[in-house]
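In: Build the 3D model from these lines:
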Amino acid sequence: MANFLAKGRTSWFSLHPKSIFAILNTNFYDTIQVTNMQEKTTTQLEQELSSCASFHEYLSQNPCVTSNQDVSQLLSKLQQEKGLQRAELIARSGVNDIYVHQILSGKRHPSRNKLLCLAIAMELEAEQVQDLLKRCGYAPLYAKNRRDSVILYGFYHKQPLFAVNEALYELGEPLLA
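Out: Numbering: from 1, shown residues only. Model prediction:
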(Lines give C-alpha, C1' and ligand atoms only; values in the text may rest on other atoms or scores of the structure.)
Protein backbone atom coordinates (compact mmCIF):
# COMPACT_ATOMS: atom_id res chain seq x y z
CA MET A 1 0.00 0.00 0.00
CA ALA A 2 2.95 2.29 0.71
CA ASN A 3 4.18 1.72 -2.86
CA PHE A 4 0.72 2.56 -4.11
CA LEU A 5 0.82 5.91 -2.32
CA ALA A 6 4.47 6.59 -3.16
CA LYS A 7 3.77 6.27 -6.87
CA GLY A 8 1.07 8.92 -6.53
CA ARG A 9 -1.69 6.73 -7.85
CA THR A 10 -5.15 7.99 -7.14
CA SER A 11 -7.19 5.13 -8.51
CA TRP A 12 -7.40 1.39 -7.93
CA PHE A 13 -8.09 1.12 -11.66
CA SER A 14 -4.52 2.13 -12.48
CA LEU A 15 -3.22 -1.00 -10.73
CA HIS A 16 -2.67 -4.43 -12.20
CA PRO A 17 -5.17 -6.98 -10.74
CA LYS A 18 -2.33 -8.93 -9.08
CA SER A 19 -1.17 -5.73 -7.34
CA ILE A 20 -4.66 -5.10 -5.99
CA PHE A 21 -4.81 -8.71 -4.74
CA ALA A 22 -1.42 -8.27 -3.01
CA ILE A 23 -2.49 -5.00 -1.37
CA LEU A 24 -5.78 -6.39 -0.12
CA ASN A 25 -4.20 -9.59 1.18
CA THR A 26 -1.35 -7.92 3.02
CA ASN A 27 -1.92 -8.18 6.74
CA PHE A 28 -1.43 -4.56 7.81
CA TYR A 29 -3.53 -4.80 10.94
CA ASP A 30 -2.13 -7.70 12.96
CA THR A 31 -2.24 -5.53 16.04
CA ILE A 32 -6.01 -5.11 16.09
CA GLN A 33 -7.26 -6.58 19.34
CA VAL A 34 -10.41 -8.69 19.32
CA THR A 35 -11.20 -7.68 22.87
CA ASN A 36 -10.64 -3.92 22.76
CA MET A 37 -12.23 -2.72 19.59
CA GLN A 38 -14.45 0.31 19.28
CA GLU A 39 -16.61 -0.46 16.30
CA LYS A 40 -18.30 1.97 14.01
CA THR A 41 -21.91 1.27 13.20
CA THR A 42 -22.88 0.04 9.76
CA THR A 43 -24.60 3.38 9.15
CA GLN A 44 -21.40 5.26 9.99
CA LEU A 45 -19.39 3.05 7.64
CA GLU A 46 -21.91 3.51 4.84
CA GLN A 47 -21.77 7.29 5.32
CA GLU A 48 -17.99 7.19 5.09
CA LEU A 49 -18.16 5.03 1.96
CA SER A 50 -20.48 7.51 0.28
CA SER A 51 -18.38 10.55 1.15
CA CYS A 52 -14.83 9.21 0.61
CA ALA A 53 -12.98 10.36 -2.47
CA SER A 54 -11.56 6.87 -3.02
CA PHE A 55 -12.00 3.37 -1.74
CA HIS A 56 -8.33 3.43 -0.68
CA GLU A 57 -9.08 6.38 1.60
CA TYR A 58 -11.97 4.43 3.15
CA LEU A 59 -9.77 1.37 3.75
CA SER A 60 -7.02 3.44 5.34
CA GLN A 61 -9.52 5.05 7.73
CA ASN A 62 -11.18 1.75 8.67
CA PRO A 63 -8.63 -0.95 9.47
CA CYS A 64 -11.31 -3.10 11.17
CA VAL A 65 -13.00 -3.53 7.81
CA THR A 66 -9.82 -4.73 6.14
CA SER A 67 -8.34 -6.88 8.89
CA ASN A 68 -7.06 -10.14 7.43
CA GLN A 69 -6.79 -12.01 10.70
CA ASP A 70 -8.15 -15.45 10.19
CA VAL A 71 -10.02 -17.63 12.63
CA SER A 72 -6.92 -19.52 13.75
CA GLN A 73 -5.08 -16.28 14.59
CA LEU A 74 -8.04 -14.86 16.48
CA LEU A 75 -8.61 -18.03 18.49
CA SER A 76 -4.91 -18.48 19.22
CA LYS A 77 -4.67 -14.90 20.46
CA LEU A 78 -7.70 -15.38 22.72
CA GLN A 79 -6.37 -18.72 23.98
CA GLN A 80 -3.09 -17.05 24.93
CA GLU A 81 -4.88 -14.14 26.62
CA LYS A 82 -6.85 -16.63 28.71
CA GLY A 83 -3.72 -18.66 29.52
CA LEU A 84 -5.30 -21.93 28.39
CA GLN A 85 -3.32 -24.92 27.25
CA ARG A 86 -4.61 -26.53 24.08
CA ALA A 87 -5.50 -29.76 25.91
CA GLU A 88 -7.59 -27.80 28.42
CA LEU A 89 -9.33 -25.91 25.61
CA ILE A 90 -10.17 -29.19 23.87
CA ALA A 91 -11.48 -30.79 27.06
CA ARG A 92 -13.70 -27.83 27.96
CA SER A 93 -15.05 -27.29 24.44
CA GLY A 94 -16.36 -30.77 23.74
CA VAL A 95 -14.96 -30.47 20.22
CA ASN A 96 -12.95 -33.35 18.72
CA ASP A 97 -9.23 -32.83 19.37
CA ILE A 98 -8.20 -33.35 15.74
CA TYR A 99 -10.82 -30.83 14.61
CA VAL A 100 -9.58 -28.25 17.16
CA HIS A 101 -5.99 -28.76 15.99
CA GLN A 102 -7.12 -28.25 12.38
CA ILE A 103 -8.99 -25.06 13.33
CA LEU A 104 -6.07 -23.62 15.29
CA SER A 105 -3.62 -24.48 12.50
CA GLY A 106 -5.82 -22.78 9.90
CA LYS A 107 -6.71 -25.95 8.01
CA ARG A 108 -10.43 -25.87 8.87
CA HIS A 109 -12.98 -23.12 9.40
CA PRO A 110 -15.24 -23.92 12.37
CA SER A 111 -19.01 -23.86 12.17
CA ARG A 112 -20.79 -21.24 14.26
CA ASN A 113 -21.65 -23.89 16.85
CA LYS A 114 -18.05 -25.10 17.16
CA LEU A 115 -16.85 -21.52 17.45
CA LEU A 116 -19.35 -20.97 20.27
CA CYS A 117 -18.14 -24.16 22.00
CA LEU A 118 -14.56 -22.85 21.87
CA ALA A 119 -15.70 -19.45 23.15
CA ILE A 120 -17.49 -21.11 26.09
CA ALA A 121 -14.37 -23.14 26.82
CA MET A 122 -12.31 -19.94 26.91
CA GLU A 123 -14.91 -18.26 29.15
CA LEU A 124 -15.11 -15.23 26.88
CA GLU A 125 -17.26 -12.26 27.77
CA ALA A 126 -20.48 -11.95 25.75
CA GLU A 127 -19.09 -8.85 24.03
CA GLN A 128 -15.96 -10.75 22.96
CA VAL A 129 -18.09 -13.58 21.61
CA GLN A 130 -20.18 -11.20 19.52
CA ASP A 131 -17.06 -9.62 18.09
CA LEU A 132 -15.49 -13.02 17.40
CA LEU A 133 -18.61 -14.24 15.59
CA LYS A 134 -18.70 -11.14 13.39
CA ARG A 135 -14.99 -11.32 12.59
CA CYS A 136 -15.36 -14.97 11.60
CA GLY A 137 -18.24 -14.21 9.25
CA TYR A 138 -21.13 -15.38 11.43
CA ALA A 139 -24.20 -13.61 12.73
CA PRO A 140 -23.87 -12.42 16.32
CA LEU A 141 -26.03 -14.00 18.98
CA TYR A 142 -29.48 -12.43 18.87
CA ALA A 143 -31.34 -12.04 22.19
CA LYS A 144 -34.73 -12.20 20.44
CA ASN A 145 -33.94 -15.70 19.18
CA ARG A 146 -34.74 -18.30 21.86
CA ARG A 147 -31.74 -20.53 21.14
CA ASP A 148 -29.32 -17.60 20.93
CA SER A 149 -30.72 -16.11 24.14
CA VAL A 150 -30.03 -19.38 26.00
CA ILE A 151 -26.44 -19.29 24.72
CA LEU A 152 -26.06 -15.60 25.61
CA TYR A 153 -27.38 -16.31 29.09
CA GLY A 154 -24.66 -18.95 29.41
CA PHE A 155 -21.97 -16.41 28.52
CA TYR A 156 -23.34 -13.76 30.88
CA HIS A 157 -23.46 -16.28 33.74
CA LYS A 158 -20.19 -18.10 32.89
CA GLN A 159 -21.91 -21.44 32.44
CA PRO A 160 -19.91 -24.42 31.18
CA LEU A 161 -20.84 -26.11 27.92
CA PHE A 162 -22.81 -28.94 29.57
CA ALA A 163 -25.07 -26.41 31.37
CA VAL A 164 -25.76 -24.48 28.15
CA ASN A 165 -26.48 -27.72 26.28
CA GLU A 166 -28.76 -28.90 29.08
CA ALA A 167 -30.79 -25.67 28.89
CA LEU A 168 -31.00 -26.00 25.10
CA TYR A 169 -32.15 -29.62 25.42
CA GLU A 170 -34.85 -28.71 27.93
CA LEU A 171 -36.27 -26.18 25.45
CA GLY A 172 -36.07 -28.58 22.51
CA GLU A 173 -33.40 -26.47 20.81
CA PRO A 174 -30.42 -27.93 18.89
CA LEU A 175 -27.36 -28.49 21.10
CA LEU A 176 -24.04 -26.80 20.50
CA ALA A 177 -22.02 -30.00 20.63
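In: Can you spell out the domain ranges of this protein, please?
Out: Annotated domains of the chain cover 2-66, 71-170 [automatic domain parsing].
In: Could you export those as JSON lines, including mean neighbour count?
Out: To be clear about C-beta, it is placed using only N, CA and C from the backbone, and glycine gets the same treatment. As requested, the domains of the chain are exported to JSON lines (neighbours: other CB atoms under 10 Å):
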{"stretch": "domain 2-66", "mean neighbour count": "12"}
{"stretch": "domain 71-170", "mean neighbour count": "17"}
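In: Kindly reformat the ones you listed as JSON lines containing mean pLDDT.
Out: As requested, the domains of the chain are exported to JSON lines (pLDDT from 0 to 100):
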{"stretch": "domain 2-66", "mean pLDDT": "58"}
{"stretch": "domain 71-170", "mean pLDDT": "94"}
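In: can you list these in TSV and add distance to residue 176?
Out: Formatted as TSV, the domains of the chain follow (distance: least, CB to CB, whole Å):
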stretch	distance to residue 176
domain 2-66	20
domain 71-170	5
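In: now for these, which one comes closest to residue 177?
Out: Ranking the domains of the chain by their distance to residue 177 (criterion: CB to CB) puts domain 71-170 first, at 4.0 Å.
In: measure that closest one end to end?
Out: In domain 71-170, first residue to last residue: 31 Å (CA to CA, to the nearest Å).
In: tell me the SS of residue 108?
Out: What DSSP: H, G, I helix; E, B strand; the rest coil gives for residue 108 is coil.
In: quick one: which helix or strand includes the nearest residue to it once chain neighbours are set aside?
Out: The shortest distance from residue 108 to any non-neighbouring residue, by CB to CB, 6 or more residues apart in numbering, is to residue 102 (4.0 Å). Element membership of residue 102, judged by DSSP states H and E, is helix 97-104.
In: Now do the helices in this protein.
Out: Secondary structure of the chain (DSSP state H): helices located at 2-6, 17-24, 42-51, 55-61, 63-66, 71-82, 86-93, 97-104, 112-121, 126-135, 146-156, 161-170.
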